[in-house]
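Participant: predicted structure and sequence below. I'll ask about it afterward.
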Amino acid sequence: MKKRLFMLSILGISISALLAGCNPGGGPGSNLSLGMDAIEAQEYSEALTCLNRALAEGEDKRLTYRGLGIAHMGLGEYDRAVDDFMNSLKGSNGLVGKLDYDINYYMALSQFKSGDLDAALDTYNAILGLDDKQADAHYLRGRIELLKNDKTAALADFDRAVELKSSDYDLYISIYEALDDAGDKQDGENYINMALQKNGRMTDYQSGLFSYYLGKYDEARQSLEAARKDDESDKLVLYLGRSYEALGDINYAATLYREYLEKDPDSACIYNEEGLMYLKQEEYMKALTAFENGMALNDPSYNQSLMFNEAVTYEYLLDFKKAAVLMKEYIEKYPDDEEAQREYIFLSTR
């Protein structure tokens, strides 16, 4: 049975990563502030306790309902999240501001995650009806349109998004990934090539990243090695290592990851990638150690991937009981992962 593994790119946006951003709260020590701090820590049940207390004690209703919506999203309770965001929007003074857009973006994501694509599309339509220059809304609406098999509309939205953010390199790659996921890699590569043509002042790192996504691994390696002379971030090392792996030089990739972790032992990103590499080599105990080391860092951006990969590693080790326990803990924390739920049912029967 082929297992899914989390291989997060720098653009892979998990729910936890999104929820950790843009979280205005009340004053220090307020229930609202404590609730938003709990959301940052991915302690969503604790957040609900604090935020419901904030409502009861008359703290800012608009921000509190927004926080409740985010907490319910974190718990996978998307219908309740939509209700919370609607209540938050009711507190608007009628003048559309940044907070209104912020709440609508969260609400659209909740609608999408609940399976209501039409409602999500309506929300993005509303955002763009107020401001057609919202590039993120064009991109996200395009994702919905792809799922609804309206490729023409999706490409129009993607084109508008890159028109508005022509120098946003991450956006081009996000569009590539969306089209690739939809089985249209060719159109995805067209956006990568468009980025290369439009942006002549690209750094070695950016050039290497685009080359990697185009499958030009040797060019990616060369550009990333050049970039490494000036700046060796974990994201650069991640894609440099992946390029070497794609070229068949797994040993050198392993050396890259190990040398980087010796210099910076606080990179959950590289621990995750090292673990995935060891899994490919069927060195399961080394993989397990890498994932456990990464989890010990408690990095919200990588906790989900590391937790899932740890459970899968125990399965490869044929310790199905331990794998089932870990997968149960995983789906309790990330209940919207339907594939993990199916995996847990499978493990429970072993």
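Facilitator: Sure, I can see it. Numbers count the residues shown, from 1 in each chain.

Participant: helix, strand, or coil at Arg201?
Facilitator: Of the three states, Arg201 takes coil under DSSP: H, G, I helix; E, B strand; the rest coil.

Participant: state the number of residues packed around it.
Facilitator: 6 (other C-beta atoms under 10 Å). Where you see a C-beta, it was placed from the backbone N, CA and C, and this is true even at glycine.

Participant: again with Asp204
Facilitator: There are 18 residues near Asp204, going by other C-beta under 10 Å.

Participant: Leu89 now?
Facilitator: The burial count for Leu89: 16, using other C-beta under 10 Å.

Participant: do Lys151 as well
Facilitator: 15.

Participant: quick one: contacts for it?
Facilitator: The contact partners of Lys151, taken as C-beta atoms under 8 Å, 6 or more residues apart in numbering, are 145, 182, 184.

Participant: ok, and the most crowded of the residues you listed?
Facilitator: Result: Glu145 is most packed of these (other C-beta under 10 Å), 21 neighbours.

Participant: which helix or strand contains that one?
Facilitator: helix 135-147 (DSSP states H and E).

Participant: helices and strands around that helix, which ones?
Facilitator: The contact analysis (3 or more C-beta pairs under 8 Å, 6 or more residues apart in numbering; DSSP states H and E) places helix 135-147 against helix 98-113, helix 117-130, helix 151-164, helix 169-181.

Participant: and these: which comes nearest Gly27?
Facilitator: Of all the helices and strands packed on helix 135-147, it is helix 98-113 that lies closest to Gly27, at 17.2 Å by C-beta to C-beta.

Participant: for Glu219, what are its contacts?
Facilitator: Taking C-beta under 8 Å, 6+ apart, one finds 207-208, 211 in contact with Glu219.

Participant: neighbour-wise, which of those residues leads?
Facilitator: Gly208 (26 neighbours).

Participant: excluding its backbone neighbours, what's nearest that residue?
Facilitator: In this structure, Gly208 finds its nearest non-sequential neighbour in Ser223, 3.3 Å apart by C-beta to C-beta, 6 or more residues apart in numbering.

Participant: so which helix or strand takes in the one you found?
Facilitator: Here Ser223 is assigned to helix 217-228, by DSSP H and E.

Participant: before we move on, the earlier item: give me the distance between the residue nearest to Gly208 and Gly241.
Facilitator: 14 Å (C-beta to C-beta, to the nearest Å).

Participant: the helices in the stretch 201-350 of the chain, which residues?
Facilitator: 204-213, 217-228, 234-246, 250-263, 268-280, 284-296, 303-316, 320-333, 338-348 (DSSP state H, counting those that start in this stretch).

Participant: can you say which of these is nearest to Leu51?
Facilitator: Smallest distance to Leu51 across those (C-beta to C-beta): 18.8 Å, for helix 320-333.

Participant: between that closest one and helix 338-348, what angle do the directions make?
Facilitator: 150 degrees (axes from the mean of the first three to the mean of the last three C-alpha atoms, to 10 degrees).

Participant: which helix or strand lies directly C-terminal to the helix or strand of the chain with the lowest mean pLDDT?
Facilitator: Sorting the helices and strands of the chain by mean pLDDT, DSSP states H and E puts helix 15-19 at the bottom, at a mean of 49. Note on helix 15-19: by DSSP H and E, the next helix or strand toward the C-terminus is helix 31-40.

Participant: output that following helix as PDB, nothing but the C-alphas.
Facilitator: Taking Å, rounded to 0.1, in the frame of the first residue of the first chain, the C-alpha atoms of helix 31-40 are listed here in PDB:
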ATOM      1  CA  ASN A  31      -9.900  36.800  27.500                       C
ATOM      2  CA  LEU A  32      -9.700  37.700  23.800                       C
ATOM      3  CA  SER A  33      -5.900  38.000  23.900                       C
ATOM      4  CA  LEU A  34      -5.600  34.800  25.800                       C
ATOM      5  CA  GLY A  35      -7.900  33.100  23.300                       C
ATOM      6  CA  MET A  36      -5.800  34.300  20.300                       C
ATOM      7  CA  ASP A  37      -2.600  33.200  22.100                       C
ATOM      8  CA  ALA A  38      -4.100  29.700  22.400                       C
ATOM      9  CA  ILE A  39      -4.900  29.700  18.700                       C
ATOM     10  CA  GLU A  40      -1.300  30.600  17.900                       C
END
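
Participant: what packs against it?
Facilitator: Secondary-structure packing of helix 31-40 (3+ C-beta pairs under 8 Å, 6+ apart): helix 44-56, helix 61-74.

Participant: what's the average pLDDT for that helix?
Facilitator: For helix 31-40, mean pLDDT is 94.

Participant: residues of that helix that come out buried?
Facilitator: Residues of helix 31-40 classed as buried by neighbour count (16 or more other C-beta atoms under 10 Å): 31-39.

Participant: how about residues contacting stretch 69-77?
Facilitator: 15-16, 19, 23, 35, 38-39, 42, 44-45, 47-48, 51, 78, 80-85, 88, 103, 106-107, 109-110, 113, 334-336.

Participant: which residues does the nearest residue to Ser348 once chain neighbours are set aside contact?
Facilitator: Of all residues not flanking Ser348 in the chain, Ala324 sits nearest, at 5.4 Å (C-beta to C-beta, 6+ apart). Ala324 sits next to 344, 347-348, 350 when contact means C-beta under 8 Å, 6+ apart.

Participant: local confidence estimate at Ala324?
Facilitator: pLDDT, read off for Ala324, is 95.

Participant: Glu232: how many residues sit nearby?
Facilitator: Residues near Glu232, counting by other C-beta under 10 Å: 17.
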